[in-house]
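S.K.: what shape does this take:
(one chain, ligands or ions: 1)
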Amino acid sequence: MSSVWSAPNPILFGNGTASQVGAELAKLGCRRALVVFDKGVANAGIAGKITDIIKSAGISVVEFADVQADPPDWSVEAAGALGVAESVDCVVGVGGGSSLDTAKAAKLLITNPPPLKQYYGREGVVTKPSVPLIVIPTTAGTGSECTPGGVITDTERGIKTNIAGVGCAVTLGIVDPELTVGLPASVTASTGMDALCHCVESLTSARANDFSAVTGREGIALVAKYLVHAVENGADLDARRGMMLASSLGGISMSGALCHLSHDIGRSLGAKFHVAHGNGCAACLPQVLEAVSAVKPDEVHYFAECFGEKSAYDAARNLMKRIKLPNLKQLGLDRGALLDAVPDEVVMQCEMAAKAGIVTSPIPVTRELIADIVARAYDEN
Ligand SMILES: [Fe+2]
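M.R.: Have a look, this model is predicted:
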């Protein structure tokens, strides 16, 4: 087996590193920044802290403070249009995955004309370079600072799609665990499970390679060591740092290997039932790991060992209970509605990806398999 890994962009990692954002923008020659965030980041005081640091470096700030969850095309186009109208020369994304994906799309649209839909899902099309982009995650989960694209909701077709290419590439990721100290336990749990899914899905992906194996394994070990502590005591900075590192490792791990069934199901739950990304991706993780254990026995056994359990099924299920992650029932979802929608959607998405030459699941994806996984997750988790 040969393995190829390209470092997507530099990462500045460590407690207090957010204080360097102004100096880093100045080094890039920037004078006017579009700063992209949502109301939660503003209310937590983080957006104000970041914009103050940028201004103190002599760089003016234009705020796009209205990031939407699962960012829809119309919202990210508004962010891009603001950047063009205000003649910004750089973009800074601050927040969770939705803010960072909006910032990536805004960067793209500053030098590549709208509508955004002409750039969906066609990696390499966005070849026109754009302005510098610094992303500053405030959750430990998405790993978006290490991935070369973003996820956008295509509101015309009602599906999630991707943008990718040099036009939306991250110039620098600043990963400061101190920014996650005030996160509520429920968000720490949900985003932490997203990071765990990135690590274990890329480790067990049909596209897994030597690099995804190393980063995925280390990420799983970090989540096993720190997630419960981070949920139970948000001020535990060691736990926050461990989870932030796991999140970045998950982003690196999935960059080539990509995710599979847990994320395929999670995307469907997000698009059709508005389930938060981390909750949706984790909802069926025990059953997915059990399903792939026959073809990826060593990797699945490693997962169980990290959590001190005999089976990955028990490890994932018990972790979800310990961190009080809501299951499909607690999310208020209807079993029949799920089984009507999710299997067909997942199979369709996997078939579309396969036509583009991208197969990530280590086992064949059938309607029956997904229906069984979802039904069991509903009844058992
Ligand atoms: Fe994810």
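
S.K.: pLDDT weak spots in the stretch 1-150 of the chain?
M.R.: Regions of the stretch 1-150 of the chain meeting the criterion pLDDT under 70 cover residues 1, 122-125.

S.K.: for it, just list every one of the helices.
M.R.: 21-27, 39-43, 46-56, 73-85, 97-111 (DSSP state H, counting those that start in this stretch).

S.K.: mean neighbour count added to those helices, as a markdown table?
M.R.: To be clear about C-beta, it is placed using only N, CA and C from the backbone, and glycine gets the same treatment. Formatted as a markdown table, the entries for the helices of the stretch 1-150 of the chain read as follows, by neighbours: other CB atoms under 10 Å:
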| stretch | mean neighbour count |
| --- | --- |
| helix 21-27 | 19 |
| helix 39-43 | 17 |
| helix 46-56 | 18 |
| helix 73-85 | 19 |
| helix 97-111 | 29 |
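
S.K.: wait, which of those helices is closest to Thr180?
M.R.: The stretch from the helices of the stretch 1-150 of the chain with the least distance to Thr180 (CB to CB) is helix 46-56; that distance is 9.7 Å.

S.K.: now that closest one, how far from the chain's geometric center?
M.R.: Between the centre of helix 46-56 and the centre of its chain there are 24 Å (CA atoms, centre = their mean, to the nearest Å).

S.K.: which residues touch that helix?
M.R.: 18-19, 21-22, 25, 33, 35, 37, 41-42, 61, 63, 65, 92, 94-95, 136, 138, 179 (CB atoms under 8 Å, 6 or more residues apart in numbering).

S.K.: can you check stretch 278-287 too?
M.R.: The contact list for stretch 278-287 (CB under 8 Å, 6+ apart) reads 141, 189-194, 196-197, 200, 259, 261-263, 265-270, 273, 275, 312-314, 316-317, 320, 325-328, 331, 372-374, 376-377, 380-381.

S.K.: so where's the longest helix in the chain?
M.R.: As far as residue count goes, and with DSSP state H defining each element, the longest helix of the chain is helix 210-232.

S.K.: point out the other helices and strands that that one packs with.
M.R.: Here helix 210-232 is seen to pack against helix 185-203, helix 237-257, helix 297-306, helix 312-322 when contacts are counted using 3 or more CB pairs under 8 Å, 6 or more residues apart in numbering; DSSP states H and E.

S.K.: so can I have a markdown table of the helices of the stretch 1-150 of the chain showing distance to Pro148?
M.R.: Conversion of the helices of the stretch 1-150 of the chain to a markdown table gives the following (distance: least, CB to CB, whole Å):
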| stretch | distance to Pro148 |
| --- | --- |
| helix 21-27 | 19 |
| helix 39-43 | 23 |
| helix 46-56 | 23 |
| helix 73-85 | 17 |
| helix 97-111 | 9 |
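
S.K.: kindly state the domain boundaries assigned to the protein.
M.R.: Under the assignment automatic domain parsing, the domains of the chain span 11-179, 182-380.

S.K.: tell me the contacts of Gly80?
M.R.: For Gly80, the contacting residues are 105-106, 108-110, 114, 116, by CB under 8 Å, 6+ apart.

S.K.: point out the most buried one among the helices and strands packed on helix 210-232.
M.R.: Taking mean count of other CB atoms under 10 Å as the contact definition, the stretch among those with the greatest mean neighbour count is helix 185-203, which reaches a mean of 28.

S.K.: tell me what angle that helix forms with helix 97-111.
M.R.: Orientation of helix 185-203 against helix 97-111 (axes from the mean of the first three to the mean of the last three CA atoms, to 10 degrees) gives an angle of 70 degrees.

S.K.: not counting sequence-adjacent ones, nearest residue to Ala18?
M.R.: Counting by CB to CB, 6 or more residues apart in numbering, the nearest residue to Ala18 once its immediate chain neighbours are dropped is Asp176, at 4.1 Å.

S.K.: which residues sit in contact with Ala235?
M.R.: Counting by CB under 8 Å, 6+ apart, Ala235 makes contact with Val181.

S.K.: next one: Ser190
M.R.: Per CB under 8 Å, 6+ apart, neighbours of Ser190: 141, 276-279, 282, 325.

S.K.: how about a cut-off of 10 Å?
M.R.: Residues near Ser190 by CB atoms under 10 Å, 6 or more residues apart in numbering: 96, 139, 141, 183-184, 231, 275-282, 323, 325-326.

S.K.: narrow those to just the buried residues.
M.R.: Neighbour-count burial within these applies to 96, 139, 141, 183, 231, 275-282, 323, 325-326; the criterion is 16 or more other CB atoms under 10 Å.

S.K.: of the residues you listed, closest to Ile358?
M.R.: Scanning the buried ones among the contacts of Ser190 for proximity to Ile358, where the rule is CB to CB, the winner is Cys281, at 18.0 Å.

S.K.: quickly find the element holding the closest one.
M.R.: Assignment of secondary structure by DSSP states H and E places Cys281 within helix 277-282.

S.K.: same thing with Gly173?
M.R.: Gly173 belongs to strand 172-175 when elements are defined using DSSP H and E.

S.K.: partner strands of that strand, with direction?
M.R.: In its sheet, strand 172-175 lies beside strand 11-13 (parallel), strand 133-137 (parallel), with partners assigned from DSSP bridges.
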